[in-house]
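>>> let me see the structure of the following:
(chains A and B)
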Protein chains: 2
Amino acid sequence: MKCIKCGAEYPAQLLYRCERCGGILDILYDFERIRDRIDFKVIVARRDGMWNYRELLPIEDYSKIVSLGEGGTKLHRCSRLEDKFGIKQLYVKDETRNPTGSFKDRPISVAVTKAKEFGVNTVVTSSSGNAGASLSAYAAKAGITCFVFTPTNVALGPLSQMAVHGARIVTVKGSVSDSFKIAQVVAKKYGWMNVTSTFLCPYATEGDKTVGYEICEQLEWKVPQWILIPIGAGPLLFGSFKGFTELVKFDLIRDLPRMVGIQAEGCAPIVKAFKERTMEVRPWKNPKTIASGISDPLRGYTQDGNLTLKIIRKSKGVAIAVSDEDILDAVKLLAKEGVFAEPTGAVSIAGLRKMIDDKIVDRHDLAVCVVTGHGLKNPNRIMDMLKEPRLVVHGGNGLKRSSIMKILENRGDF
Amino acid sequence: MKCIKCGAEYPAQLLYRCERCGGILDILYDFERIRDRIDFKVIVARRDGMWNYRELLPIEDYSKIVSLGEGGTKLHRCSRLEDKFGIKQLYVKDETRNPTGSFKDRPISVAVTKAKEFGVNTVVTSSSGNAGASLSAYAAKAGITCFVFTPTNVALGPLSQMAVHGARIVTVKGSVSDSFKIAQVVAKKYGWMNVTSTFLCPYATEGDKTVGYEICEQLEWKVPQWILIPIGAGPLLFGSFKGFTELVKFDLIRDLPRMVGIQAEGCAPIVKAFKERTMEVRPWKNPKTIASGISDPLRGYTQDGNLTLKIIRKSKGVAIAVSDEDILDAVKLLAKEGVFAEPTGAVSIAGLRKMIDDKIVDRHDLAVCVVTGHGLKNPNRIMDMLKEPRLVVHGGNGLKRSSIMKILENRGDF
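Next up is the predicted model:
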């Protein structure tokens, strides 16, 4: 492990921040050694989802892997959206297809496996929903006790997942930054492993690398010009980019993609810093957006935002914000491609549309939008959004079939 | 196509019942020809989910395949349930992992592909939820208009899926048998393709075969003693068994598994006929169960039940019923393995438990429970089931961290 800020190095252990300067820790690998040990032909012939790439994940003992079949998610070519947006090649990396319905299963699978390696018996996370749902499922599978600290506005889906998998749920009145702090303090006091999936747990972030690996593999080692990702603190953006840089080290690809971090206009601390050309992200005051998964004011851990901002700049990428209205439009557009995203998940599509309109993305570019979570996480939200679309008729023998057809015809549906 | 009842044969076409006797139609293949054309080493090396087996599906033009990445679902070894139930080898075939969250994506993917081959522009189904949700997604992807006729008690999840994917939803007051009838009449009148996933659309049922193929492949061509499946009319049981019988023709396996059809005590027409040793299933009067996906009285199409019953007997299998209480217990037990099932999906686990208790299943047997749909389909149901598990505390600067820890400690959680 190496501190991103001061460069201090540590052996693999349960450590969340640099002991010298408090900086974010990153996991380093001995690529010279790994290079001799792995064969990408073997890797891509496996059928273990993201664990196909196990040699590139920070695990010592493969027998301890806690997997529910995460990763290996579909990369959809979206021809209808290509036509609509006027772009030649648009793909969706469909992270709704993970076991608990979001990309969080990747970092959590690594973190819970690491928890088993460390012999930890309790894990804890602060989560706005999906990470908590994921941790609850993986901790259940591993037989480990799980605490989830959540803000008040958790959607029904993730809440039901936490409950059914037997997590101990603590609702902290306030934003996700408030629950972040409390989770941190409680974990420290009781010696629990904190797997909060911002940059706090360096092992968790490693799981996000596999999104980068898989996109390249699925495009037959062609590198997209643009990768678009909804960001709160941004570990998925950081992790995916790290995945691409590692593939360069293995000579599988040459170029790197430009990373686009997309936030909601109602909570856009990283976008604000990007526009103001500063290196320092400042906490957002009153987060307000339907994209609850990225409604993160970063209060108390703005260095997480700084790191994501740094990666965006390094990759010659962009940070942009989209409105809640654009996000809901994007949910509907994705649904026409057969993909049902939660609002947070569709933010990448809303962002791409805006970038094409603003002529930042060229129509000849290849863009991949990462869709992070399933629409079934918050069905109420969708039903509120769409006007009541049902026609009600009486069945059974009481009503003649001809009358039913008359009703249908009068409705003018066809 | 061949009539199961009178043996009449027809060329591939849009036909739902035998024109001579009204019997159910089954799809036949020229296995001698197919045998020369396919290589199972090639098939299992593909990465196309259930379409790995495309040569064994009734499609002429592979360029027309409408896929969202269905099939290829995880087969979980469930060691905790093995210990609890006292059985040596228990696997769960996790159909919650399909694109719209249920196994229905398999038959629907085949049916919508066939709709494209036939040049159909409108599809219709009668569905208690999951088939309608699936058809809505695949029809959207294919650019085909979709009508869904549903009973009144559709869960929030599937309803939101139908709505977001742009289906035209008609709620028919009554049971799924009432909406079945109306869908049939309307489809006939307007010339729409009826893909209702009981045995009405023979192409749809073919998709279910792939569950059988995949289970064998995932067990390295070892055949389980028992396959347990929740059944309404039973096309998934019929289809899976057909899949196994085809693998015998290809010399990949020798034996066939015993097929177990499980219903809810509140709606068990097939189980009743099985116990009474009759060949004729009779419609159920007042269906009442939380397992809405299999709450099918079979009124008007009892021959569907007869066919499923015949297959169960032929395979030396069993039909049993479980209580709603057993089903909810099974949801909780599965959640401990990290799998979140809707009540209908967990019925197979409830059934296995009962069969082990009744000493029908031997502890040395290998059993595979098919878990058909995701718990996120009906999160309200789960929240009702579990007592309010949340602890609420105040975050921010207003409350001292030490007080929060005191609250946690007083709760006696650790």
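
>>> so who does the closest residue in space to A:Trp192 that isn't next to it in sequence touch?
Spatially, and ignoring its direct neighbours in sequence, A:Trp192 is nearest to A:Thr122 (4.2 Å; C-beta to C-beta, 6 or more residues apart in numbering or on different chains). From N, CA and C alone the C-beta is placed, and that goes for glycine too. Taking C-beta atoms under 8 Å, 6 or more residues apart in numbering or on different chains, we find A:Thr122 in contact with A:144-147, A:190, A:192-193, B:414.

>>> which of those are buried?
A:144-147, A:192-193 (16 or more other C-beta atoms under 10 Å in any protein chain shown).

>>> hang on, the earlier thing: what about the contacts of A:Thr122, which are in helices?
Using DSSP state H, the subset of these located in helices is A:Tyr190.

>>> and of the contacts of A:Thr122, the nearest to B:Val322?
The shortest approach to B:Val322 among the contacts of A:Thr122 belongs to A:Cys146, at 29.1 Å (C-beta to C-beta).

>>> what's across from the closest one in the sheet?
Counting by DSSP bridges, A:Cys146 is bridged to A:Val123.

>>> quick one: contacts for it?
The contact partners of A:Cys146, by C-beta under 8 Å, 6+ apart, come to A:122-125, A:135-136, A:139-140, A:165-168.

>>> doesn't A:Glu265 make contact with A:Ser323?
Yes: A:Ser323 is within contact range of A:Glu265, at 5.1 Å (criterion: C-beta atoms under 8 Å).

>>> picking that back up, how about the contacts of A:Cys146 in CSV, adding secondary structure?
Shown next, in CSV, are the contacts of A:Cys146 (DSSP: H, G, I helix; E, B strand; the rest coil):
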residue, secondary structure
A:Thr122, strand
A:Val123, strand
A:Val124, strand
A:Thr125, strand
A:Leu135, helix
A:Ser136, helix
A:Ala139, helix
A:Ala140, helix
A:His165, coil
A:Gly166, coil
A:Ala167, coil
A:Arg168, strand
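
>>> how near is A:Ser177 to A:Arg277?
Between A:Ser177 and A:Arg277 the computed distance is 25 Å (C-beta to C-beta, to the nearest Å).

>>> hmm, I was thinking of A:Leu228
From A:Leu228 to A:Arg277 the distance is 21 Å (C-beta to C-beta).

>>> which of the two has more neighbours?
A:Leu228 (32 against 7; other C-beta atoms under 10 Å in any protein chain shown).

>>> for the stretch 1-150 of chain A, which residues are neighbours of chain B?
Proximity of the stretch 1-150 of chain A to chain B, by C-beta under 8 Å from any C-beta of the partner chain, involves residues A:45, A:68-69, A:73-74, A:76, A:80, A:94, A:97, A:99-101, A:122, A:137-138, A:140-141, A:143, A:145, A:147.

>>> which of those residues count as buried?
Using 16+ other C-beta under 10 Å, the buried ones in these are A:68-69, A:73-74, A:76, A:94, A:97, A:99-101, A:122, A:137-138, A:140-141, A:145, A:147.

>>> what about those, which are in helices?
Short answer: those in helices (DSSP H) are A:137-138, A:140-141.

>>> can you put these in JSON lines and add pLDDT and distance to A:Asp358?
Shown next, in JSON lines, are these (pLDDT from 0 to 100; distance: C-beta to C-beta, whole Å):
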{"residue": "A:Ala137", "pLDDT": "98", "distance to A:Asp358": "39"}
{"residue": "A:Tyr138", "pLDDT": "98", "distance to A:Asp358": "40"}
{"residue": "A:Ala140", "pLDDT": "97", "distance to A:Asp358": "45"}
{"residue": "A:Lys141", "pLDDT": "97", "distance to A:Asp358": "44"}
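
>>> out of the residues you listed, the closest to A:Ala111 would be?
Of all those, A:Ala111 sits closest to A:Tyr138, with 8.0 Å by C-beta to C-beta.

>>> for the closest one, which non-adjacent residue is spatially closest?
With C-beta to C-beta, 6+ apart, the residue lying closest to A:Tyr138 is A:Val112, at 4.2 Å.

>>> hang on, the one you found in a helix?
Yes: under three-state DSSP, A:Val112 sits within a helix.

>>> now the strands: where do they sit in the stretch 101-250 of chain A?
A:122-126, A:145-150, A:168-173, A:193-194, A:226-230 (DSSP state E, counting those that start in this stretch).

>>> quick one: the biggest helix by length in chain A to strand A:122-126, angle?
In chain A, taking DSSP H as the definition, the longest helix is helix A:202-218. Here helix A:202-218 points in a direction 70 degrees away from that of strand A:122-126 (axes from the mean of the first three to the mean of the last three C-alpha atoms, to 10 degrees).

>>> on contacts alone, who are the packing partners of helix A:202-218?
strand A:25-26, strand A:75-77, strand A:89-94, helix A:105-118, helix A:235-249 (3 or more C-beta pairs under 8 Å, 6 or more residues apart in numbering or on different chains; DSSP states H and E).

>>> mind exporting it as CSV, just the C-alpha atoms?
Extracted in CSV, the C-alpha atoms of helix A:202-218 (Å, rounded to 0.1, in the frame of the first residue of the first chain):
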residue,chain,number,x,y,z
PRO,A,202,-8.2,0.6,-0.4
TYR,A,203,-9.1,-3.1,-1.1
ALA,A,204,-12.7,-2.2,-2.1
THR,A,205,-11.6,0.3,-4.7
GLU,A,206,-9.5,-2.4,-6.4
GLY,A,207,-12.7,-4.3,-7.3
ASP,A,208,-13.7,-1.3,-9.5
LYS,A,209,-10.7,-1.9,-11.7
THR,A,210,-12.4,-4.8,-13.3
VAL,A,211,-14.9,-2.5,-15.0
GLY,A,212,-12.0,-1.1,-17.0
TYR,A,213,-10.6,-4.6,-17.8
GLU,A,214,-13.9,-5.9,-18.9
ILE,A,215,-14.8,-3.0,-21.2
CYS,A,216,-11.5,-3.4,-23.0
GLU,A,217,-11.9,-7.2,-23.2
GLN,A,218,-15.5,-6.9,-24.5
